[in-house]
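Asks: Just a sequence and a predicted model for now, questions to come.
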Amino acid sequence: MTMTRLSFIKNGGGGLRLATAGGVALLMLIGAGGVQGGPCTAQIAQVDQQTRKAQAAGSPGGAGVPSAPQSIGAQLHHQPTAQSVQSAEGAAAAAAAAALDRARAADAAGDAAACAKALKEAKQLYGLE
């Protein structure tokens, strides 16, 4: 899995940039007092900050870089192709960004339980938990 994370970093992170940019925009609005905080606004900001710091520092173990659980196919002792690695990286990045988007939507709706659930998933995908 380390090879996957390293190649993800080398390839620029794909959809992760968009999710991070959205998080930065949200933080700017909150800092400017333009948005009322929801039940987990602070936790979302914390996850955004943790992922940015971990990615900037190139943290060991890949914390802050989206990953997914090992697939059954990966356990068959076959070498992954470049295409399968890229596909897995893209899927992990999309899943992590979607989890943060769900957390933001639940936060905006005032749904603390849904927000907490989505944040937990995002933290797991980013290796922060």
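Replies: Thanks, I have the structure now.
Asks: only C-alpha atoms for contact and neighbour calcs from this point on.
Replies: Will do.
Asks: helix/strand/coil for Leu39?
Replies: Wrong residue type there; residue 39 is Pro, not Leu. Each residue gets one of three states, and Pro39 gets coil by DSSP: H, G, I helix; E, B strand; the rest coil.
Asks: in the protein, which helix or strand is least confident?
Replies: Taking mean pLDDT, DSSP states H and E as the measure, the chain has helix 2-10 as its least confident helix or strand, at a mean of 47.
Asks: which stretches of the protein form helices?
Replies: Applying DSSP state H to the chain gives helices spanning 2-10, 16-31, 41-57, 82-109, 112-126.
Asks: so where's this protein shaky on pLDDT?
Replies: Scanning the chain for pLDDT under 70 picks out 1-36, 58-65, 67-69, 71, 74.
Asks: nearest to Gly73, of the helices of the chain?
Replies: helix 82-109 (10.5 Å; C-alpha to C-alpha).
Asks: still on that earlier bit, so can I have a markdown table of the helices of the chain showing mean neighbour count and distance to Pro66?
Replies: Shown next, in a markdown table, are these (neighbours: other C-alpha atoms under 10 Å; distance: least, C-alpha to C-alpha, whole Å):
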| stretch | mean neighbour count | distance to Pro66 |
| --- | --- | --- |
| helix 2-10 | 15 | 8 |
| helix 16-31 | 16 | 8 |
| helix 41-57 | 17 | 9 |
| helix 82-109 | 19 | 5 |
| helix 112-126 | 20 | 4 |
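Asks: In CSV: those, plus distance to Leu76.
Replies: Listed next are these as CSV, based on distance: least, C-alpha to C-alpha, whole Å:
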stretch, distance to Leu76
helix 2-10, 17
helix 16-31, 29
helix 41-57, 31
helix 82-109, 14
helix 112-126, 23
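Asks: where does Pro39 sit relative to Gly110, distance-wise?
Replies: Distance, Pro39 to Gly110, by C-alpha to C-alpha, to the nearest Å: 6 Å.
Asks: Sorry, wrong one. I was asking about Ser84.
Replies: 39 Å.
Asks: now Ala95
Replies: 22 Å.
Asks: Kindly report the same for Ala103.
Replies: Per C-alpha to C-alpha, Ala103 is found 10 Å from Gly110.
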